[in-house]
Structure formats: structure tokens, C-alpha cells
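1. Fold the following, please.
(chains A, B, C and D)
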2 protein chains.
Amino acid sequence: MVDQPDVFTALAHPVRRKILAMARDEAMAAGEIADAFDLARPTLSGHFNVLKAAGLITVERRGTKLLYAANLSVLEDALSGLMDMLRLGEAANETLKEIKDA
Amino acid sequence: MVDQPDVFTALAHPVRRKILAMARDEAMAAGEIADAFDLARPTLSGHFNVLKAAGLITVERRGTKLLYAANLSVLEDALSGLMDMLRLGEAANETLKEIKDA
DNA sequence: GATTTATTTTATTATTTTGCTAAATACCAA
DNA sequence: TTGGTATTTAGCAAAATAATAAAATAAATC
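-> Residues are numbered from 1 along each chain as shown, chains lettered A, B, ... in the order given. The predicted model follows:
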């Protein structure tokens, strides 16, 4: 339940949402992620920084590679918070909370 | 199931999320919403435009007033789409879809 | 028609975001 | 320690965003 600065801002860019989806199941190397986009490496690195600042990804070095992994619990918290705020899909939100706490 | 351009961008600003919450249950006048913020009227008007472009609010005139109402189904679609993309809270997402289609 | 109320649009300014290239850093292997 | 691979940081330009004050629009009322 960290301070999560700007999770929704981080989610606002389609490239960042796709990064999250790619790094969902297992950590992926920065370069491997970057290959999926038609953007320069430094541009992707900037997106990693935004996601990292929001707490949405974690990073770990393995050798020369940096492996990024999505932190879905932070996202779940944010979505849950939004749904609370809007009293949206009460049942769905409860289910989401249970999943998160499991 | 409209074209929804930039729902997540629209959600990125805290003022806009609060507007959505305020206009959730019944339509509210622009001025009434604006009074809840320490911002100039044209600033709020700009936020209304962003929300409207994303399909997240609708507007209707009554006399000299413009009444804004949240369109939660568009939001539900967007959240559901994100949850699909991230395979996040399968059960919660199904519940959300049911609520939306009801 | 003139006035009042409610709100928007226009024009301007400051700031942030997104992208790039070039240079720097980190690690591994010969 | 030199070289190669992986990735970042630095610096910059263009575009988008967020805010404001001033002017314009729309509807109701006098």
C-alpha cells in the first residue's frame, strides 16, 4: 500500500500499458521489450522510468541485462481506489480486493 | 461501445476523476462543479471538454445552465479492456462486464 | 431590445511530455 | 584492459497540457 504517485498518469500512455502487459507474467529484458516497439531505446527507457516511479514495475539486473517485471498489486490498488471513488461495480471491486489480498 | 479516444488520458488528472465522482449520481451544473475546486471557470470548462471528448460525460442544457452527467459505461468498458489486456482479476472483470451489460 | 446569469471560446503563458541523437555507464569475456 | 553488448542519462526540440484573463455566446427576464 505504497504512496503510488501518479499511477493513472503512468497508465495514460498506450506504450506504457503495453509494456505492463508484456512484463506481466515474467520479467523481460529492456531490449526485448523495446524490440516490440518502433521507438528508440532511450524513449523506452523513459517509459520504464515513469512506470517505475509509479511503482508499476520493478527492475532487477541480470548480467548486462535489466529485467523489468510488472507490479500488478499497485495497479490493482489504484483501480480499486478508483472504483471505490466512483462506487463502480461494487461486486467486481470486492472480488478485485480479494484477489489482491490473496 | 464507442470509439473512446483517450479514456485513460482523461482519467490521468485528479480534477477530472473528481468531476466524474461528483456527476456520478445525477447531472450537475458546470458552475456547481466548478465551485468545488479552487480553479477558474475556464479551467474547469477545459476539463469538461476532455471528459466529453473521451465520452466520459454527457452534457445537456437546462435554461442558462449546462448539466454534466458521468457516463459510467464508457469507463467500465475502458477498465474492462485494461483488465483483459493485463489478464487482471478475471473474476472481477467478468462481474464488471455483467454489471455493464445489465 | 437591454440586462443578468451561466458558461464557453479564444489567446496567451508556463510547464510537462514525448521523442530523438550522442555520450556515458555497467557488466562480461577474451 | 580492451572490446562488445545492454541500457541508461544528458541535452534538446516539438508538441501537448494546464492554467489564466478577456471576450464571446446562450438563455431567461425585465
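
2. Residue A:52 against residue A:69, yeah?
-> No - the criterion here is C-beta atoms under 8 Å, and residue A:52 misses it with residue A:69 at 10.9 Å. For every residue, glycine as well, the C-beta is placed using N, CA and C.

3. what stretches of chain A score poorly on pLDDT?
-> Residues of chain A that meet the criterion pLDDT under 70 lie in A:1-5.

4. Flag every residue of it that's near DNA strand C.
-> For chain A, the contact set with DNA strand C under C-beta under 7 Å from any atom of the strand comprises A:9, A:12-13, A:15, A:38-43, A:46-47, A:50, A:61, A:63-64.

5. go with 10 Å
-> Proximity of chain A to DNA strand C, by C-beta under 10 Å from any atom of the strand, involves residues A:6, A:9-10, A:12-16, A:34, A:37-47, A:49-50, A:53, A:61-66.

6. Mind checking which of those are buried?
-> For those, a burial check counting by 16 or more other C-beta atoms under 10 Å in any protein chain shown picks out A:6, A:9-10, A:12-13, A:15-16, A:34, A:44, A:47, A:50, A:66.

7. Would you check which pair of those lies furthest apart?
-> Taking C-beta to C-beta, the two most distant members of those are A:12 and A:66; they sit 23.6 Å apart.

8. sorry, back to before: mind listing the shared neighbours of residue A:52 and residue A:69?
-> Shared contacts of residue A:52 and residue A:69 (C-beta atoms under 8 Å, 6 or more residues apart in numbering or on different chains): A:58-59.

9. Helices along chain A, start to end?
-> A:7-11, A:14-22, A:30-34, A:41-53, A:72-85, A:90-101 (DSSP state H).

10. For residue B:24, which of those is the nearest?
-> Using C-beta to C-beta, the helices of chain A put helix A:72-85 closest to residue B:24, at 9.1 Å.

11. now the closest one and helix A:90-101, what's the angle there?
-> For helix A:72-85 against helix A:90-101, the angle by axes from the mean of the first three to the mean of the last three C-alpha atoms, to 10 degrees is 150 degrees.

12. Does chain B have contacts with helix A:72-85?
-> Yes - contact of helix A:72-85 with chain B (C-beta under 8 Å from any C-beta of the partner chain) involves A:72, A:75-76, A:79, A:82-83, A:85.

13. Mind checking which of the residues you listed are buried?
-> Buried positions within the residues of helix A:72-85 next to chain B, assessed by neighbour count (16+ other C-beta under 10 Å), are A:72, A:75-76, A:79, A:82-83.

14. Please convert those to a markdown table, extending it with distance to residue A:27.
-> Output for those, formatted as a markdown table (distance: C-beta to C-beta, whole Å):
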| residue | distance to residue A:27 |
| --- | --- |
| A:72 | 13 |
| A:75 | 16 |
| A:76 | 19 |
| A:79 | 22 |
| A:82 | 27 |
| A:83 | 28 |
